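Colleague: predicted coordinates and the sequence they were generated for:
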Amino acid sequence: MVTSSHPAVDRVVAALAEHDLRPGIVWLDDAVTTAPLAAAALGVEVGQIANSLVFTLDAEPLLVLTSGAHRVDTEWLGERLGGTIARASKETVRAATGQVIGGVAPLGHPAPVRTVVDTELDRFDEVWAAAGHARTVYPTSFDQLVRVTGGQPSPVAP
């Protein structure tokens, strides 16, 4: 594992510090843009990976933090949230989060993004989230994800 710096990662670290959290950011040797890759690199279960997926809900950005072992049922979740969910373009992801697909963190965005946190993540004492770059992750918990994002705990599929 390597140590480095990147502006998006620095913003995540600063945002975590605002919540009195200072987890160690882990820089991996290679990009881990999928939950199975991240789990393998960390030696954890794929369900412990908090995937950061950006969608739009009626054209507004929506961040869904889901367990790496789950798929989001966009039709079901959209009905639950009272709108229509679609996959966000890479431009929308970048504008909403200041980060690129594959490294989107739960926080450190230019402005708050409406967030749903998959209740499946609560099964684990420790989960791992991206830290603003495709080679970075940090350890956290379900409760911390809900707290730092102001997210809505919810299943993401029936």
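Modeller: That came through, no problem. Since this is a predicted model, take the numbers as computed values, not measurements.
Colleague: now stretch 61-71: buried residues?
Modeller: With burial defined by 16 or more other CB atoms under 10 Å, the residues of stretch 61-71 counted as buried are 61-70. Placement of C-beta: from N, CA and C, glycine included.
Colleague: which parts of this protein are helices?
Modeller: 7-18, 35-42, 74-81, 90-97, 142-149 (DSSP state H).
Colleague: ranges for the strands of this structure?
Modeller: 26-27, 49-57, 60-67, 85-87, 114-118, 127-130, 136-140, 152-154 (DSSP state E).
Colleague: most packed of those strands?
Modeller: strand 127-130 (a mean of 26; mean count of other CB atoms under 10 Å).
Colleague: contacting residues for the residue nearest to the spatial centre of the chain?
Modeller: Nearest to the mean C-alpha position of the chain, by CA atoms, centre = their mean, lies Ser52 at 2.9 Å. Contacts for Ser52 (CB atoms under 8 Å, 6 or more residues apart in numbering) come out as 63-65, 104-106, 129-130.
Colleague: then Thr33?
Modeller: By CB under 8 Å, 6+ apart, the contact set of Thr33 is 101-103, 134.
Colleague: for this protein, which spans come out with low pLDDT?
Modeller: Applying pLDDT under 70 to the chain flags residues 1-4.
Colleague: let's have the buried residues of stretch 61-71 in a markdown table, adding distance to Ala157.
Modeller: What follows is these, written out as a markdown table (distance: CB to CB, whole Å):
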| residue | distance to Ala157 |
| --- | --- |
| Pro61 | 20 |
| Leu62 | 15 |
| Leu63 | 17 |
| Val64 | 11 |
| Leu65 | 14 |
| Thr66 | 9 |
| Ser67 | 10 |
| Gly68 | 14 |
| Ala69 | 11 |
| His70 | 6 |
